[in-house]
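*Asks:* Build me a structure from this.
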Amino acid sequence: MYTPQVIEHYDNPRNVGSITDADGTATVGSAAKGEMVKLTLKVLENVIVGAKFRAFGCPTAIASASVLTEMVTGRNIPEALQVTATHLSDALGGLPLDKQRYAEAAEEVLKTAIADFMSKTEV
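*Replies:* This is a model prediction of the structure:
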């Protein structure tokens with residue numbers, strides 16, 4: 001049912017935790033509803049130098065958040081904003097339609113955390 005990539009990211013999730021002095025933070029969903037992802041970002045000179053997550057949900061939710069942190073670390077903000085649920089799904093070996101919502105939640109939490117960072121940054 002799960003791809004080898006989903007199993008790998010679920011068994012060995014990358015970047016779990018929170019960045020205490022995060023520059024951008026967002027939470028999507030709620031633990032009470034059974035699906036939640038929290039993302040914290042550290043940004044230096046417009047480049048995401050750190051990304052950590054906490055997730056509550058099925059293996060696909062955890063794997064989507066894990067692969068997201070890998071994909072955005074080292075990217076500048078405009079590049080990170082180009083990461084979509086489709087990119088995340090592809091990186092996980094292709095998610096079935098009933099699991100796509102987890103990749104969509106990961107995309108949403110990324111864009112919301114970046115918006116939080118940008119709201120605190122002078123232009």
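*Asks:* Please make it C-alpha for all contacts and neighbour counts, starting now.
*Replies:* Noted.
*Asks:* pLDDT on the longest helix seen in the chain, on average?
*Replies:* In terms of residue count, the longest helix belonging to the chain (DSSP state H) is helix 100-119. Helix 100-119 shows a mean pLDDT of 97.
*Asks:* And for stretch 31-39?
*Replies:* Per-residue pLDDT over stretch 31-39 has a mean of 88.
*Asks:* ok now it, how far from the chain's centre?
*Replies:* The chain centre lies 12 Å from the centre of stretch 31-39; the measure is CA atoms, centre = their mean, to the nearest Å.
*Asks:* Just the residues contacting that stretch, thanks.
*Replies:* Defining contact as CA atoms under 8 Å, 6 or more residues apart in numbering, one finds that stretch 31-39 is touched by 18, 25-30, 51-58, 61, 65, 105-106, 109-110, 113.
*Asks:* In helices only, show me those residues.
*Replies:* 61, 65, 105-106, 109-110, 113.
*Asks:* Any chance of those residues in CSV with neighbour count as columns?
*Replies:* Listed next are the ones in helices among the contacts of stretch 31-39 as CSV, based on neighbours: other CA atoms under 10 Å:
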residue, neighbour count
61, 25
65, 33
105, 21
106, 32
109, 25
110, 31
113, 22
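*Asks:* is it possible to export those to CSV including distance to residue 39?
*Replies:* Below are those laid out as CSV (distance: CA to CA, whole Å):
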residue, distance to residue 39
61, 13
65, 8
105, 11
106, 9
109, 6
110, 7
113, 7
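*Asks:* quick one on the thing from earlier: pull out the buried residues from the longest helix of the chain.
*Replies:* For helix 100-119, burial by neighbour count (16 or more other CA atoms under 10 Å) applies to 100-117.
*Asks:* Repeat that for stretch 53-64.
*Replies:* Quick answer for stretch 53-64 (16+ other CA under 10 Å): 53-56, 59-64.
*Asks:* pLDDT averaged over that stretch, what's the number?
*Replies:* For stretch 53-64, mean pLDDT rounds to 95.
*Asks:* Repeat that for stretch 12-20.
*Replies:* The pLDDT scores in stretch 12-20 average 97.
*Asks:* Compute the first-to-last residue distance for it.
*Replies:* Taking CA to CA, to the nearest Å as the measure, stretch 12-20 stretches 22 Å from start to finish.
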